[in-house]
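Peer 1: The sequence isn't on hand, but the structure is:
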């Protein structure tokens, strides 16, 4: 794809690097995007997904890598933002070892500039294979491990921060929460909320996951994925693939708080403003789900991985959310805009 077309993409934000790659023998096709390395090497997961076109994949990787820059700043870790998307052939979820080895060789070329790990469509086993080929893999079992439980934990603390801002009380007891997407992060968030006495409404395209939730939790009901906006509730937690909050949904949804672990929950900046004007508290996704990032980059620290430090930084997200929401109220500005401003200021400095 020509550089002029990359720069014309609405998600392009003066990215430092955008690289397309292809391996004829294995069918490997993908894009690495590095948004910024001003604060440190770029970090961000690898996503394996059946995109409909190269343009769709490009838009996703540009937006996700920029969000990673912002996430690093709001999470208080000195790294930049990057991302890789692998364009899966149709709906094929199985990746041959040769395919992963080819990707590992590509990654090795960026070994000091871009660190990556698990994301949508990539398994822990995939990460273990890549970790044997190239040194810039984070989140292997021997070190930080699966980032999913930590992303769920930080989202849980972000919800507590939103509740504290609204009610002066962090408790989820008796609160009705819709969780859309019961992957590893969504299921763990459901467990945390359930333990505190929340009333759960859950949805997933995979019936096995909703059946598991019904068996595992009390005070839980199942709704169709398309029904999340037609139920009144205290909290909506999007934990699937993103872009759940369209302009139509932003004007319609009856909820006090939106705070979930999915990336790119808003279709555009417009929806964040609409939610704010309607009095819906929206916690920016890259603030809420920062725990996964905090966990994997901890293994890059000079002192090595420290679980207690990771836990404390996840807890700190609760106060970070309160700070953002207070500034939002004081300046009459949407929280999504406040978080973006904080990140942009840090990058400009």
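Peer 2: All right, it came through fine. On a predicted model such as this, the values are computed, not experimentally measured, just so you know.
Peer 1: Validate this expectation: residue 51 resides in a helix.
Peer 2: No: looking at residue 51 with DSSP: H, G, I helix; E, B strand; the rest coil, it is coil, so not inside a helix.
Peer 1: pretty sure it is in contact with residue 57, am I right?
Peer 2: Yes: the pair residue 51 / residue 57 is scored as a contact, 4.1 Å apart, by C-beta atoms under 8 Å. Yep, even glycine has a C-beta here, placed from its N, CA and C like the rest.
Peer 1: which neighbours do these two share?
Peer 2: Both residue 51 and residue 57 are in contact with 85, 87, where contact means C-beta atoms under 8 Å, 6 or more residues apart in numbering.
Peer 1: Specify which residue of these two has the higher count of neighbours.
Peer 2: Legend: neighbour count by other C-beta atoms under 10 Å for residue 51 and residue 57, higher for residue 57 (23 against 20).
Peer 1: isn't that one right up against residue 83?
Peer 2: No: assessed by C-beta under 8 Å, residue 57 is found out of contact with residue 83, at 10.8 Å.
Peer 1: Find the residue at the geometric middle of the chain.
Peer 2: Against the mean C-alpha coordinate of the chain, by C-alpha atoms, centre = their mean, the closest residue is residue 263 at 3.8 Å.
Peer 1: how much space between that one and residue 236?
Peer 2: Taking C-beta to C-beta, to the nearest Å as the measure, residue 263 falls 16 Å from residue 236.
Peer 1: Could you do residue 345 as well?
Peer 2: 29 Å.
Peer 1: where does residue 71 land on pLDDT?
Peer 2: For residue 71, the model assigns a pLDDT of 95.
Peer 1: meant to ask about residue 38, not that
Peer 2: So residue 38 comes in at 94 (pLDDT).
Peer 1: same thing with residue 144?
Peer 2: In this model, residue 144 carries a pLDDT of 89.
Peer 1: thought it was touching residue 138?
Peer 2: Yes: with contact defined as C-beta under 8 Å, residue 144 and residue 138 form a contacting pair (6.3 Å).
Peer 1: Overlap in contacts, the two.
Peer 2: Contacts common to residue 144 and residue 138, judged by C-beta under 8 Å, 6+ apart, are 296, 299.
Peer 1: what about the helices in this structure?
Peer 2: Under the criterion DSSP state H, helices of the chain are mapped to 3-8, 54-75, 97-108, 124-131, 148-167, 184-195, 207-216, 247-252, 269-277, 285-288, 290-297, 307-331, 335-348.
Peer 1: Tabulate those in CSV, adding columns for distance to residue 30.
Peer 2: Formatted as CSV, the helices of the chain follow (distance: least, C-beta to C-beta, whole Å):
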stretch, distance to residue 30
helix 3-8, 15
helix 54-75, 8
helix 97-108, 7
helix 124-131, 13
helix 148-167, 22
helix 184-195, 23
helix 207-216, 27
helix 247-252, 30
helix 269-277, 27
helix 285-288, 22
helix 290-297, 20
helix 307-331, 29
helix 335-348, 25
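Peer 1: Could you pull up the residues touching residue 35?
Peer 2: So residue 35 contacts 13, 15-16, 42, 62, 65-66, 68-69, 80-82 (C-beta under 8 Å, 6+ apart).
Peer 1: which two of these lie the greatest distance from each other?
Peer 2: 62 and 80 (14.3 Å; C-beta to C-beta).
Peer 1: so the residue nearest to the centre of the chain touches residue 242, yeah?
Peer 2: Yes: using C-beta under 8 Å, residue 263 is in contact with residue 242, at 5.2 Å.
Peer 1: Need the overlap of contacts for those two.
Peer 2: In contact with both residue 263 and residue 242: residue 285, using C-beta under 8 Å, 6+ apart.
Peer 1: follow-up on the earlier one: and residue 345 and residue 236? Which one has more around it.
Peer 2: Per other C-beta under 10 Å, whichever of residue 345 and residue 236 has more neighbours is residue 236, with 28 against 10.
Peer 1: which ones are touching that one?
Peer 2: Per C-beta under 8 Å, 6+ apart, neighbours of residue 236: 177-178, 180, 228, 253, 255, 257-260.
Peer 1: and it, bridged to which residues?
Peer 2: residue 178, residue 258 (DSSP bridges).
Peer 1: Look up how far residue 56 lies from it.
Peer 2: Residue 236 is 25 Å from residue 56, by C-beta to C-beta.
Peer 1: same thing with residue 276?
Peer 2: 28 Å.
Peer 1: Please say which of those two ends up with more neighbours.
Peer 2: Between residue 276 and residue 56, residue 276 has the larger neighbour count (other C-beta under 10 Å), namely 21 against 13.
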